[in-house]
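# Sequence isn't available, so here's the structure alone:
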């Protein structure tokens, strides 16, 4: 919201600020009590860096690439991500791939659902919505991940996880709806 106003000339309403605050509080409720315990601090730092990166790239995409077709935007995102991770792998690890059924299934999931599906949806949202409304949806990632982990990995959902999901969902609803109060 801070950057979308001056850089993109978007009108940011009080309801969007309020919704973003609720979304942030909801995400913090889901994550906050696990930090340092079952959630490593390095992982939290990496998540915040990722959040800032995707926020800035959303604003940049909205500012300079809004006329680019979705398929081209998706390709540029994939190339950028591939190059970045290739550099990280070369600098910090010894590359090694074991082609197993698990590896092939995981890569298929990443390529088809994440790279093609999720990024196409993200590019569509950026193209057709304001940057601030698009970025607010990111606050649903921690609570949704907690629910998915509960369903598929038998992880526990705490009272704060459920409250965080409700608060984050309410915040995203408020910040993305068309009726805004000034």
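Received the coordinates, thanks. Everything numeric in this text was worked out from a predicted model, so none of it was measured.
# and the closest residue to residue 139 other than its chain neighbours, what is it in contact with?
Leaving aside its chain neighbours, residue 139 sits nearest to residue 23 (3.1 Å; criterion: C-beta to C-beta, 6 or more residues apart in numbering). Any C-beta I mention is one placed from the backbone N, CA and C, and that applies to glycine too. Shown in contact with residue 23 (C-beta atoms under 8 Å, 6 or more residues apart in numbering): 136, 139, 140, 167, 168, 171, 172, 175.
# Roughly how far does residue 23 sit from residue 145?
Distance of residue 23 to residue 145, computed by C-beta to C-beta, to the nearest Å: 14 Å.
# State the three-state secondary structure for the residue nearest to residue 139.
helix (DSSP: H, G, I helix; E, B strand; the rest coil).
# what about it, distance to residue 44?
Distance from residue 23 to residue 44, by C-beta to C-beta: 17 Å.
# where's residue 82, which helix or strand?
helix 70-92 (DSSP states H and E).
# same question, residue 29
Per DSSP H and E, residue 29 falls inside helix 14-32.
# same thing with residue 155?
Here residue 155 is assigned to no helix or strand, by DSSP H and E.
# Chain neighbours aside, what residue packs nearest to it?
Closest residue to residue 155 apart from its sequence neighbours, by C-beta to C-beta, 6+ apart: residue 149 at 4.2 Å.
# List the backbone torsions phi and psi for the one you found.
With angles defined as degrees, to the nearest 10, residue 149 sits at phi -60, psi -30.
# What does the pLDDT read for it?
In this model, residue 149 is scored at 86, pLDDT.
# tally of neighbours for it?
By the criterion of other C-beta atoms under 10 Å, residue 149 has 14 neighbours.
# how close does it sit to residue 142?
Using C-beta to C-beta, we find residue 149 at a distance of 10 Å from residue 142.
# Same check on residue 24?
10 Å.
# and the two? which has more neighbours close in?
Shown here are residue 24 and residue 142; by other C-beta under 10 Å, residue 142 has more neighbours (23 against 15).
# What's the first helix or strand after whichever strand or helix holds residue 145?
Counting by DSSP H and E, the element that carries residue 145 is helix 141-153. Past helix 141-153, further along toward the C-terminus, the next helix or strand under DSSP H and E is helix 159-176.
# quick one: buried residues of that next one?
160-162, 164-165, 167-172, 174-176 (16 or more other C-beta atoms under 10 Å).
# What mean pLDDT does that helix get?
pLDDT averaged over helix 159-176 gives 88.
# Helix 141-153 and that one, what's the angle between them?
Going by axes from the mean of the first three to the mean of the last three C-alpha atoms, to 10 degrees, helix 159-176 is angled at 130 degrees with respect to helix 141-153.
# Perfect, I'm done here.
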